[in-house]
Each structure stands twice: as C-alpha cells, then as structure tokens.
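Trainee: Please find the sequence and the predicted model below.
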Amino acid sequence: MITDPQGTVLALFAAFCRVGGCFMLLPGFSSARLSMQIRLFLAVAISMAVLPIMWDVIYPRTSGSLDGYLKLIVFETLTGAVIGLIARYYVLGLQFAGTVLTMMMGFNAPPTPDVLEDTAENQLTNLLSFAGLLVLFMLDFHHVVMRALIESYNVMPLGEGFNPQSALISLTDTLSQTFMIMLRLASPFILYGLVFNVSIGLVNKLAPQIPIYFVSLPFIILGGLVLMYFGISSLLEIFAAGFIPVFQGR
C-alpha cells in the first residue's frame with residue numbers, strides 16, 4: 001500500500017526526468033520513425049522500473065520546496081540528456097564515417113530520405129548507419145545504457161546539481177575517441193581514394209586528351225564497392241566493439 005501518493009508521484013517524475021532526458025536523445029529510441037506515444041510510454045515504463053530500485057535515493061530528495069523541485073527537474077533532465085548524447089555521438093560518428101568513405105569512393109548519388117531520421121542522406125551512408133545501429137541492438141547496447149542510468153545516481157547524485165564542466169569534458173572526450181575509431185573505419189577507403197585519384201591524375205597528365213572523369217568514375221566506384229563488400233564485416237565488428245569502452249569510459 002502506498003502511504004504517500006503525492007511523494008510517490010513526485011519521485012516517479014524525478015526518475016522520469018533523467019530517464020526521459022536520456023531516451024529523448026538515445027539512438028534508435030529517439031528515431032523519427034517511432035511515434036511520440038511509443039517513446040513516451042517506453043520512458044515511463046523504464047522510470048517505473050527504476051523507481052523501486054532507487055527508491056531510497058530518489059524519494060528523500062523530492063520532499064523539499066517547490067523551487068528546489070523545479071531545479072531538480074531541470075538538472076535531472078540535463079543529466080539524462082548528457083548520457084543519451086554520449087551514445088548518440090558515437091552512432092553519429094558512423095554516419096560521418098559513411099559520408100567520408102562514400103565521398104572517397106566517388107559514390108555521389110543523389111541523397112534519399114534517411115532510414116532513421118527525417119533528413120536526406122546518401123544510400124550507402126544509410127545502409128551503414130542502419131546496420132551499425134542494428135548490430136548495437138543485437139548486442140543489447142540499451143541494457144548497457146539502462147545500467148549506466150542506474151549507476152549514474154552514484155556518480156551524479158540526485159539533488160546535487162548539474163556540473164556543466166564535467167558534462168562538457170565527457171562529451172568532448174566522447175567526440176575525440178569516436179573520431180579516432182571512425183577514422184580507423186574509414187582509413188582503407190581514404191587511402192584507396194587518395195591512391196586511385198593520384199594515379200588517375202598522373203594518367204591525365206600523360207594523356208590529357210582522354211576524358212578521364214568519365215573513364216575513371218566507374219572503376220573507382222566498383223573498386224570501392226568491392227572493398228566495402230570484403231570489409232563491412234570487420235567495419236561493423238570494430239564499431240560494435242568500441243561502443244562499450246567509449247560509453248562506460250565516460
């Protein structure tokens with residue numbers, strides 16, 4: 001039996017602020033392809049699951065004044081948003097790598113609607129970003145995020161305020177590590193594009209009468225697709241293996 005219904009609702013909403021702030025930006029769950037109702041009910045369900053576990057931590061902090069509770073709502077939402085942004089930055093890094101490798105292999109087809117968001121993106125970049133997110137879901141990355149949400153109450157206690165400096169350091173470190181991992185993923189295609197274009201440039205200097213662009217374009221695309229065919233499994237494997245070290249390192 002609930003002895004304090006008002007305090008229980010306030011505690012549930014405090015838990016919802018951190019969980020909802022995270023799921024608002026979490027890759028996959030924040031996709032435009034999911035309706036708002038599904039995202040809302042999912043965040044509420046996770047909050048109801050978190051509340052009994054962290055009851056002794058959350059409930060005592062919600063019994064203060066109205067101004068204190070309003071500050072609590074803002075700080076908890078920002079804390080959850082930082083956790084969600086860490087995962088989102090990593091997935092956006094794969095989209096960045098996909099854009100780089102499509103440019104280096106000359107696959108500059110007109111953009112099409114994105115699979116996950118309401119934006120236009122190259123077809124090969126769509127394929128890579130969707131495959132990478134699918135692999136993360138197969139490896140239960142959302143369980144890692146939910147566990148991080150529970151453990152965040154020990155690292156960033158409820159009611160202790162929001163430290164913007166620490167949040168910015170975490171996000172910049174995430175961007176730095178993500179950039180290095182995505183550079184490793186795109187490096188074969190960058191090297192391939194540089195070597196191929198330098199070679200074609202030398203041929204063009206030796207035989208300037210040849211329409212080198214129309215001759216070379218099918219070959220650079222074909223070679224890039226062959227390289228993608230043999231390397232996409234390793235690319236996704238490295239991408240999936242790097243998520244937990246980057247996420248838990250923050």
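Mentor: Received, thanks. Numbering: from 1, shown residues only.
Trainee: gap between the biggest helix by length in the chain and the chain center?
Mentor: Counting residues, the longest helix in the chain under DSSP state H turns out to be helix 164-206. Per Cα atoms, centre = their mean, to the nearest Å, the displacement of helix 164-206 from the mean C-alpha position of its chain is 18 Å.
Trainee: Which strands or helices does it pack on?
Mentor: Contacts defined by 3 or more Cβ pairs under 8 Å, 6 or more residues apart in numbering; DSSP states H and E place helix 164-206 against helix 66-104, helix 212-248. In this view, the C-beta of every residue, glycine as well, is placed from N, C-alpha and C.
Trainee: which ones are touching residue 30?
Mentor: Neighbour list for residue 30: 23, 24, 39, 84, 88 [criterion: Cβ atoms under 8 Å, 6 or more residues apart in numbering].
Trainee: in stretch 156-167, what counts as buried?
Mentor: By neighbour count, with 16 or more other Cβ atoms under 10 Å as the criterion, the buried positions of stretch 156-167 are 156, 158, 159, 167.
Trainee: ok, so what distance separates the second one from residue 170?
Mentor: Separation of residue 158 from residue 170 (Cβ to Cβ, to the nearest Å): 18 Å.
Trainee: Relative to the whole chain's centre, how far out is stretch 158-173?
Mentor: The chain centre lies 18 Å from the centre of stretch 158-173; the measure is Cα atoms, centre = their mean.
Trainee: Show the average pLDDT along that stretch.
Mentor: Here stretch 158-173 scores 85 as its mean pLDDT.
Trainee: Considering the contacts of residue 30, which possesses the most neighbours?
Mentor: The member of the contacts of residue 30 that has the most neighbours, counting by other Cβ atoms under 10 Å, is residue 23 with 26 neighbours.
Trainee: so that residue makes contact with residue 42?
Mentor: Yes. A contact is recorded between residue 23 and residue 42 when judged using Cβ atoms under 8 Å, the distance being 6.5 Å.
Trainee: which residues do the two both contact?
Mentor: residue 29.
Trainee: Can you report phi and psi for the residue of the chain positioned farthest from its centre?
Mentor: For the chain, the C-alpha lying farthest from the average C-alpha position belongs to residue 209; by Cα atoms, centre = their mean, that distance is 47.5 Å. Main-chain torsions, residue 209, degrees, to the nearest 10: phi -80, psi -10.
Trainee: Repeat that for residue 120.
Mentor: Backbone torsions for residue 120, taken as degrees, to the nearest 10, come to phi -100, psi 140.
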